[in-house]
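1. Attaching a predicted model along with its sequence, questions to come.
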Amino acid sequence: MTLKNRMLKPWGRSLLVAILVFALGACSSSGDGGGERPFSALFLDSESSSLEARGYENEPRLVLTGKTGAAYTVTVTEGGTWCVTSRRTHATTASGTLVNGRQIVYLYLDENDSGKPRHAEISVAFDGGGTFLLTLEQESYSIPASLDHAWAELPAYVDDDDFLYVTHFAPISSSVTARNYTICFDKTKRIANWVAYPLHDCYMSGTYVRSDAWAYDPEVPASYQADLTRGSYQNWQTNGIRGHQCMSNHRYVPYSDELNRQTFYSTNIMPQNSDFNSGSWGNMESVASAQRCADTLYIVTGTYGVRSWSRDKAGTEVAMPEYCWKVLLRTRTGRTGKRIDQVTDASELKSIGYWAENSSASKSGLREYIVSVAYIEQQTGYKFFTMLDEAIADEVKSQNNPSEWGIN
């Protein structure tokens with residue numbers, strides 16, 4: 001099952017988790033009279049004791065159930081060189097107690113570049129509840145060159161036959177060619193699932209000139225793209241205008257207009273409600289512009305779900321997203337001189353998320369659409385800012401402090 005087939009509306013994802021929890025824990029232990037859940041250990045994604053994992057670095061989840069307060073120990077008994085219970089310490093055991101009769105425990109898998117599948121076994125022992133054996137098979141993997149970089153803005157790779165990954169580069173001076181943005185493009189929807197890019201003064205210097213150089217992306221077959229050279233979408237009042245993901249006015253330098261021209265590739269464009277585009281979406285873009293800093297601001301912007309299907313002037317169908325979102329990360333002072341992976345104190349970083357319906361209902365305001373990065377991870381299934389230190393990642397991505405970003 002591909003990621004996009006797993007994507008649910010926000011209420012749908014919550015319902016799925018609730019159903020799973022109920023299914024795992026609804027039955028009472030016979031004769032105890034307390035309605036306690038039977039002990040169980042399963043992979044959350046497969047809902048079974050076995051899992052076929054992708055070959056890239058990822059984090060399978062175990063769901064443990066049983067008597068509230070029962071102690072448990074998770075041990076990787078085979079495959080412990082690449083399957084661990086802590087990315088930071090490389091431990092192969094994790095212990096704790098069941099809170100409200102349930103606990104989620106993460107495993108951490110390294111990329112499998114061995115050239116062949118590999119096998120891991122995990123033992124879950126409960127105090128007074130027996131031992132369960134789980135098995136995991138990880139396929140072999142080779143990451144696309146476009147994502148094989150230590151860039152803080154890149155989300156974790158998702159393997160899907162319908163997804164294309166491309167990074168665009170452009171000159172910003174006579175001696176420097178910089179990365180512009182990276183896309184995860186969905187061939188079936190003809191829009192990007194996400195666009196990730198850094199923001200720094202080096203990308204915004206001199207006088208802003210909008211190129212309006214609408215064009216096909218030369219790195220993606222034209223048959224997968226909308227033709228936006230003829231204008232916006234048919235019946236744009238209903239089907240949306242041409243909305244940028246990586247902003248045009250985030251990319252301009254005196255040396256060359258190539259940075260800006262690349263933002264007009266159709267792979268960086270999506271159908272957006274015009275009121276929304278000029279409303280809260282534009283407000284959030286202004287926040288991003290104001291928050292660029294010496295340490296670099298990292299941005300991922302994307303789409304979720306399908307509201308309807310638009311058509312370009314040639315009659316080609318293009319998905320109009322149901323929701324649009326952004327996630328932002330930077331150092332708090334903006335001038336630490338540190339890379340993101342060098343920061344070990346969560347208080348030195350700040351992050352924020354934005355999630356809004358792609359309709360006129362989101363035409364005004366901004367604060368009401370502000371959420372945590374963790375929230376958007378939960379809705380989309382993507383993992384953001386993978387270079388964060390594991391020990392602080394959850395704390396950083398759970399932040400939701402609009403005032404720290406100048407949002408009133």
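-> Here it is on my side, so go on. Residues are numbered from 1 along each chain as shown.
2. Give me the neighbour count for Ser223.
-> 9 (other CB atoms under 10 Å). Quick note: C-beta positions are derived from backbone N, CA and C, even for glycine.
3. Confirm it sits in a helix?
-> Yes. Counting by DSSP: H, G, I helix; E, B strand; the rest coil, Ser223 is found in a helix.
4. Could I get the phi/psi values of Ser362?
-> phi -110, psi 30 (degrees, to the nearest 10).
5. can you tell me how far the residue nearest to Arg88 when sequence neighbours are not counted sits from Val84?
-> Excluding its sequence neighbours, the residue lying closest to Arg88 (CB to CB, 6 or more residues apart in numbering) is Glu390, at 4.4 Å. To Val84, Glu390 is 11 Å away according to CB to CB, to the nearest Å.
6. any common contacting residues for the two?
-> Common neighbours of Glu390 and Val84 (criterion: CB atoms under 8 Å, 6 or more residues apart in numbering): Tyr108.
7. quick one: which of these two has more around it?
-> Relative neighbour count places Val84 above the other of Glu390 and Val84, with 22 against 14, counting by other CB under 10 Å.
8. I'd like the secondary structure assignment at the closest residue to Ala213 other than its chain neighbours, please.
-> Nearest residue to Ala213, sequence neighbours excluded (CB to CB, 6+ apart): Arg261, at 4.1 Å. Secondary structure of Arg261, reduced to three states by three-state DSSP: helix.
9. How about the contacts made by Arg261?
-> Applying CB under 8 Å, 6+ apart, we find Arg261 in contact with Ser211, Ala213, Ala215.
10. what about the last one, how many neighbours?
-> Think Ala215. Ala215: 15 surrounding residues under other CB under 10 Å.
11. Dihedrals phi and psi, it?
-> In terms of degrees, to the nearest 10, the main-chain angles of Ala215 are phi -160, psi 160.
12. I figured Thr263 hits Gly243, correct?
-> No. Applying CB atoms under 8 Å, one finds Thr263 not in contact with Gly243, separated by 11.5 Å.
13. residues in contact with Phe264?
-> Ser211, Asp212, Ala213, Trp214, Ala215, Leu228, Ser248.
14. Repeat that for His200.
-> His200 makes contacts with Arg292, Cys293, Ala294, Thr296, Leu297, as judged by CB under 8 Å, 6+ apart.
15. mind redoing it with 7 Å?
-> The neighbourhood of His200, defined by CB atoms under 7 Å, 6 or more residues apart in numbering, consists of Arg292, Thr296.
16. just for the stretch 1-150 of the chain, where's the confidence low?
-> Counting by pLDDT under 70, the stretch 1-150 of the chain has low-confidence residues at 1-36.
17. For it, which segments count as helices?
-> With DSSP state H, counting those that start in this stretch, the ranges of helices along the stretch 1-150 of the chain come out as 3-6, 10-25.
18. Repeat that for the stretch 301-408 of the chain.
-> Under DSSP H, counting those that start in this stretch, the stretch 301-408 of the chain gives helices at 373-380, 390-397.
19. do you know how far Phe163 is from His119?
-> Here the criterion is CB to CB. By it, Phe163 lies 27 Å from His119.
20. So between the two, which is more surrounded?
-> Legend: neighbour count by other CB under 10 Å for Phe163 and His119, higher for Phe163 (20 against 11).
21. ok, and the closest non-adjacent residue to the more buried one?
-> Phe163's closest residue in space is Cys184 (CB to CB, 6+ apart), at 5.5 Å.
22. tell me the phi and psi of that neighbour?
-> In this entry, Cys184 is assigned phi and psi values of phi -110, psi 100 (degrees, to the nearest 10).
23. Residue ranges of each domain in this protein, please.
-> Using automatic domain parsing, the domain ranges for the chain come out as 3-138, 145-405.
24. Let me know which of those domains is tucked in deepest.
-> Of all those, domain 145-405 carries the top mean neighbour count, a mean of 19, counting by mean count of other CB atoms under 10 Å.
25. Now do it: distance to the chain's middle.
-> The chain centroid and the centroid of domain 145-405 are separated by 11 Å, computed with CA atoms, centre = their mean, to the nearest Å.
26. contacting residues around stretch 73-91?
-> Contacts for stretch 73-91 (CB under 7 Å, 6+ apart): 62, 92-95, 105, 107-110, 118-125, 136, 390-391.
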